[in-house]
Structure formats: C-alpha cells, structure tokens
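K.L.:
Quick one: sequence plus predicted model below, questions after.
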Amino acid sequence: MGVKTEKLLSILTLQPVIPVLAVDSVATAIPLARALVAGGLKAIEITLRTEAALDAIRAVADEVEGAEVGSGTILNAAQFEKAMRAGSKFIVTPGTTQELLDVSRKAPVPLLPGAATVSEVMSLREEGYSVMKFFPAEQSGGAAFLKSVSSPLAGTSFCPTGGITPANAKSYLSLPNVVCVGGSWVAPKELVTAGDWKAITRLAEEACALTAS
Ligand SMILES: O=C(O)C(=O)C[C@H](O)[C@H](O)COP(=O)(O)O
C-alpha cells in the first residue's frame, strides 16, 4: 500500500502539537482524550509504554468523538500490527528498522518514522518517505539542526519530538520544514492524576494557539 504520505499529512496538519501520552488506564485515557479534543487537539498519540496502552487506544478510537488516535513508541512489527488492530489511525516510531518499513508498506495505516541524523533521513527518503519524526529533537540538535538540513534535504518535513515545551515550540513551528511538533507537556502527570480535565483543555487550547505566530 506504499507510503501513504497524504493520509499522514491529513492527520499531522490538524493541529500544531501532537500530544504524546503514556496512559495508565482506560478510565483516565477517555476523559484525557476528551479534554484534549475539547481544547482542539484531535490527533493524539498514545505510546505503547504502558500495559494499558492498547486497550486505551481501542477505547479512545471507539468512544471519543473527534479524536484521531495513533500509537507511539512502536518498536517492531508485532507492536505495529497490535496497534493497528486496536484502531490506530497512524503509527509513530522513535527510529526506523527494516522490519518496521516492511510491515508499514503492507498496512493501510500511515507511518511517521523516526530519524535523528542526515543519513537516517536519506535512507527514509530512498524508501519514499518525505515526512518523518525528528527524535529526540532537542538532544539531536533541535531547531538549528532542522534549519541546517532544510536546503540539502529539501522536500522533507518533520514532526520534531523530545524536549519540546511551550517556550521552544515556536522556534520549531516557524520553520518551513516542520509540519507540527510532538510533546507530552499538554498532559502533565499531576493534572492527569488529579483528573483536572479543565486544566488540560486549557493547555490544549494554548498549544493550538502556538500556530498563530
Ligand atoms: O516514546 C516515544 O516514541 C517518544 O516520542 C518519546 C517521548 O515520550 C516523546 O519524545 C515526548 O517527549 P517529551 O515531550 O520530551 O516528554
């Protein structure tokens, strides 16, 4: 089924910030997703870093109107397939392996593949990818790195993730080769634990406003 760039971009362009979540239970995932959607963040990435992740993806896909739920921290083909069966609309990987490229090519769901170096980006371009996750963004050179590669790697766009905050998000979002950024700051653990969904909706609204530069 190829690389599915248009499908991926239709999700990544919904908003400037993709919330990256690690959820401990389905019971918190649903109100959390609803709070983010209410604040304008429809595309939501639930990482496979918790036991509850797959059930949470299924529940958000089935029950949260307006949400476009994807899976993150996908490390291998088995996880890719489980995440897809749970209803993920997109798949995000921190880096890229041949196994992941093979499973993705046959899947109906688009992949946002991770890359952190020029050579990794070039390898993904050879596979037909033009939209990638730049991870870990701050630690790998940040916005300055993306600015430097914009001309030699023209035609490639990024969703930088890792170390992004409301304070530095605009330095990324102002770059022409950045589609959106990923970040966990919109769902802080304290607010999730306290069930303060209104505060999370406010953070989501603030994240949405980051586009208006
Ligand atoms: O697991 C993955 O695939 C990741 O993307 C790792 C991190 O959870 C994100 O990079 C979010 O990072 P922070 O916004 O810095 O908290």
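P.N.:
Happy to help now that I have it.
K.L.:
and the protein, which residues reach the ligand?
P.N.:
Residues of the chain lying close to the ligand by C-beta under 6 Å from any ligand atom are 20, 47, 72-73, 94, 135, 161-164, 183-184. No exception for glycine: its C-beta is placed from N, CA and C like everyone else's.
K.L.:
Give the PyMOL command for selecting the buried subset of those residues.
P.N.:
Command for PyMOL that selects the buried part of the residues of the chain next to the ligand, burial taken from 16 or more other C-beta atoms under 10 Å:
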select buried, resi 20+47+72+73+94+135+161+162+164+183+184
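K.L.:
Using a markdown table, please lay out the residues of the chain next to the ligand together with pLDDT and secondary structure.
P.N.:
What follows is the residues of the chain next to the ligand, written out as a markdown table (pLDDT from 0 to 100; DSSP: H, G, I helix; E, B strand; the rest coil):
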| residue | pLDDT | secondary structure |
| --- | --- | --- |
| V20 | 98 | strand |
| T47 | 98 | strand |
| G72 | 98 | strand |
| T73 | 98 | coil |
| P94 | 98 | coil |
| F135 | 98 | coil |
| T161 | 98 | strand |
| G162 | 98 | coil |
| G163 | 98 | coil |
| I164 | 98 | coil |
| G183 | 98 | strand |
| S184 | 98 | coil |
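K.L.:
how close does the residue nearest to A116 when sequence neighbours are not counted get to S88?
P.N.:
Once flanking residues are discounted, A116 sits nearest to S140: 4.4 Å by C-beta to C-beta, 6 or more residues apart in numbering. According to C-beta to C-beta, to the nearest Å, S140 stands 25 Å off from S88.
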